[in-house]
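**Student:** Can you look at this prediction? I've put the sequence above it.
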Amino acid sequence: MSQGSQTRVLEIDGLRRAFGGLVAVNDLGFSVEQGEIMGLLGPNGSGKTTALNLISGVLRPDAGTIRLMGQDIAGLASYRIARLGLARTFQLVRVLDGMDCRENIKAGLAFQKPHLPAAEAELRIDTLLHRVGLAGHDLRLAANLTYIDRKRLELARALAAKPRLLLLDEWLAGLNPSELAIGIDLIRSLKADGITIVLVEHVMAAVRALCDRCIVMSSGRKIADGATADVLSDAAVVKAYLGGVVADA
C-alpha cells in the first residue's frame with residue numbers, strides 16, 4: 001500500500017449498476033481520504049443516490065469494487081458494512097416512528113463493536129441528543145417530531161456507532177437559513193472529530209462551505225473531479241448541472 005493510500009477510507013473502481021436498460025451508475029471511480037468532506041454532486045437522476053446505495057449495501061453492484069479501509073465491501077449486506085464503520089442518512093428520512101428518540105439512537109448503537117455497557121450507552125445517547133440539538137426530547141416519539149428534528153434524529157442514530165465514513169444524502173435540504181448555518185457547523189464538527197464524509201447536496205452554499213473536493217455525476221458517469229471551486233466553474237458541470245450559470249456562494 002502506498003503512502004497516499006494509507007489514509008484512504010473509501011476507494012471505488014469500475015462501479016456499475018443497471019436497472020433493465022437504464023445504466024444508473026456507469027464505470028464510476030473515485031477515492032476519499034481520511035478526514036475529507038467530499039461532495040458528490042449532479043442533477044436529479046444522475047446516479048448519486050444509487051451510488052450511495054451501492055456503497056452502503058442497499059443495492060448490489062453489477063460490476064466494480066468498493067473498498068472501505070482497504071476491505072472490499074461490494075455486495076455485502078448493509079448490516080455488515082455498518083459494522084465495518086460506515087453509516088448514512090437517507091434522502092427520504094428514515095427513523096423508527098414507533099420509538100422515542102432515545103430508543104432510535106439505541107438501535108444505532110447495536111452496530112458498535114464491542115457493545116457498550118448499559119450506563120456508557122445511556123451517556124452516549126445523551127451526548128448525541130445534545131450534539132444534534134435534541135437535548136430534552138429523548139422521550140418524544142419520532143413520529144411526532146418536526147421535519148428538521150427527524151433529520152437530526154437520523155443523524156444522531158448514524159453517529160451512534162462512531163463511523164469512520166458517513167454518507168449524507170441531502171441532509172441539509174429543506175432547512176431555513178438559520179437551520180442551514182447550524183447544520184453546516186455541525187457537519188464541520190464531525191470532520192474535526194475525524195469522521196470522513198461523502199456529501200450529496202444541492203445547496204451550493206453548503207457545498208462551498210464544507211467540501212474540500214467535489215465529484216460531479218451526469219447520466220451515471222463521473223464528469224468532473226477536483227477542488228470545489230474548480231469543479232463548480234467547470235464548463236461541463238455548468239452545462240450538465242447548473243443550467244449554464246456558475247453557482248453563487
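**Tutor:** Alright, I've got the coordinates. Numbers count the residues shown, from 1 in each chain.
**Student:** Quick one: residues contacting the closest residue to Met99 other than its chain neighbours.
**Tutor:** Closest residue to Met99 apart from its sequence neighbours, by C-beta to C-beta, 6 or more residues apart in numbering: Ala142 at 6.0 Å. From N, CA and C alone the C-beta is placed, and that goes for glycine too. Ala142 is in contact with 95-101, 104, 150, 153, counting by C-beta atoms under 8 Å, 6 or more residues apart in numbering.
**Student:** now that we have these, which one has the most neighbours?
**Tutor:** Cys101 (30 neighbours; other C-beta atoms under 10 Å).
**Student:** Just list the residues touching that residue, thanks.
**Tutor:** 129, 134, 137-140, 142, 145, 153, 156.
**Student:** Format those as JSON lines; extra columns: secondary structure, distance to Ala173 and pLDDT.
**Tutor:** Output for the contacts of Cys101, formatted as JSON lines (DSSP: H, G, I helix; E, B strand; the rest coil; distance: C-beta to C-beta, whole Å; pLDDT from 0 to 100):
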{"residue": "Leu129", "secondary structure": "helix", "distance to Ala173": "22", "pLDDT": "95"}
{"residue": "Leu134", "secondary structure": "coil", "distance to Ala173": "19", "pLDDT": "94"}
{"residue": "His137", "secondary structure": "coil", "distance to Ala173": "22", "pLDDT": "92"}
{"residue": "Asp138", "secondary structure": "coil", "distance to Ala173": "26", "pLDDT": "89"}
{"residue": "Leu139", "secondary structure": "coil", "distance to Ala173": "28", "pLDDT": "92"}
{"residue": "Arg140", "secondary structure": "coil", "distance to Ala173": "23", "pLDDT": "92"}
{"residue": "Ala142", "secondary structure": "helix", "distance to Ala173": "19", "pLDDT": "94"}
{"residue": "Leu145", "secondary structure": "coil", "distance to Ala173": "17", "pLDDT": "93"}
{"residue": "Leu153", "secondary structure": "helix", "distance to Ala173": "16", "pLDDT": "94"}
{"residue": "Ala156", "secondary structure": "helix", "distance to Ala173": "18", "pLDDT": "94"}
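**Student:** any weak-confidence spans in this structure?
**Tutor:** The chain contains residues with pLDDT under 70 at 1-6, 241-249.
**Student:** mind running it again at 80?
**Tutor:** The model of the chain has pLDDT under 80 over residues 1-6, 111-115, 240-249.
**Student:** Break this structure down into its domains, please.
**Tutor:** Using automatic domain parsing, the domain parsing of the chain gives 1-85+165-171+195-243, 86-162.
**Student:** buried residues in the helix ranked longest in the chain?
**Tutor:** Within the chain, and with DSSP state H defining each element, the longest helix by residue count is helix 177-192. Buried residues in helix 177-192, counting neighbours by 16 or more other C-beta atoms under 10 Å, are found at 179-180, 182-184, 186-187, 190-191.
**Student:** closest to Leu40 among these?
**Tutor:** Nearest to Leu40 among the buried residues of helix 177-192 is Ile187, at 14.2 Å by C-beta to C-beta.
**Student:** need the contact list for the nearest residue to that closest one once chain neighbours are set aside.
**Tutor:** Counting by C-beta to C-beta, 6+ apart, Leu210 is the residue found nearest to Ile187 once chain neighbours are left out, at 5.7 Å. For Leu210, the contact set (C-beta under 8 Å, 6+ apart) comprises 37, 39, 184, 187-188, 199.
**Student:** What is the burial count for Val32?
**Tutor:** Using other C-beta under 10 Å, Val32 has 22 neighbouring residues.
**Student:** List the contacts of it.
**Tutor:** By C-beta under 8 Å, 6+ apart, the contact list for Val32 reads 8-11, 38, 165, 196, 198.
**Student:** let's see it at 7 Å
**Tutor:** 9-10, 38, 196, 198 (C-beta atoms under 7 Å, 6 or more residues apart in numbering).
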